[in-house]
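Chemist: One predicted model, sequence on top.
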Amino acid sequence: MNTVFLALGTIFVILAAAFHLYVFFLESIAWSNPRTWRVFGLPSQEHADITKPLAFNQGFYNLFLALSCFVGLAILALDFSAGMALMFCGSGSMVLAGVVLFFSSRTSRRSAFIQAGPPLIGIVFLALGLLL
């Protein structure tokens, strides 16, 4: 095992989880705020109100992805394999969600890279840390 790569991977997974917590806040708590709905490209408060139930639900998906990474990190010392599995599962789900976003919306490609990049880097470093 390479502890430097494991540490780097963990840092990127934490960054990805923190980003998903922020997105949870935007989608599930601050959705009706004009600054928030503009970030997501909505043209009006009416559109924000119509999409609020969908955004609320989507926000919780982001929360659960973040929690899987944070819980994995928290239990690493107790059960290394289980902690790694949770971190890989949460990060892998973030990457796959970013891939879906990339291919489903041309206007959201930048967001897809922001969503998928850090967890992908984290996965690569964690895998290298386990293999080397």
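Modeler: Done, it's in. Small disclaimer: the values here were computed from a predicted structure and weren't measured.

Chemist: unless I'm mixing things up, His47 is touching Arg38, no?
Modeler: No. Taking contacts as Cβ atoms under 8 Å, His47 lies outside contact range of Arg38: 10.6 Å. (C-beta placed from N, C-alpha, C; glycine too.)

Chemist: Look up phi and psi at Gly41.
Modeler: Per-residue torsions, Gly41: phi 80, psi 20 (degrees, to the nearest 10).

Chemist: So what's the residue count around the nearest residue to it once chain neighbours are set aside?
Modeler: Spatial nearest neighbour of Gly41, excluding adjacent residues (Cβ to Cβ, 6 or more residues apart in numbering): Thr107 at 6.8 Å. Thr107 is flanked by 7 other residues according to other Cβ atoms under 10 Å.

Chemist: Equivalent analysis for the one 10 residues further on, please.
Modeler: Other residues lying near Gly117 total 17 when counted by other Cβ under 10 Å.

Chemist: Now do the contacts for it.
Modeler: Residues touching Gly117, when contacts are defined by Cβ atoms under 8 Å, 6 or more residues apart in numbering, comprise Gly98.

Chemist: Can we start the residue count at 804 from this point?
Modeler: Got it, first residue is 804 now, which makes that one Gly920.

Chemist: Look up how far Thr854 lies from it.
Modeler: As defined by Cβ to Cβ, to the nearest Å, Gly920 lies at a distance of 26 Å from Thr854.

Chemist: Per-residue confidence, the most centrally placed residue in the chain, what does it come out as?
Modeler: In the chain, the C-alpha nearest the mean C-alpha coordinate belongs to His823, at 4.1 Å (Cα atoms, centre = their mean). pLDDT, His823: 97.
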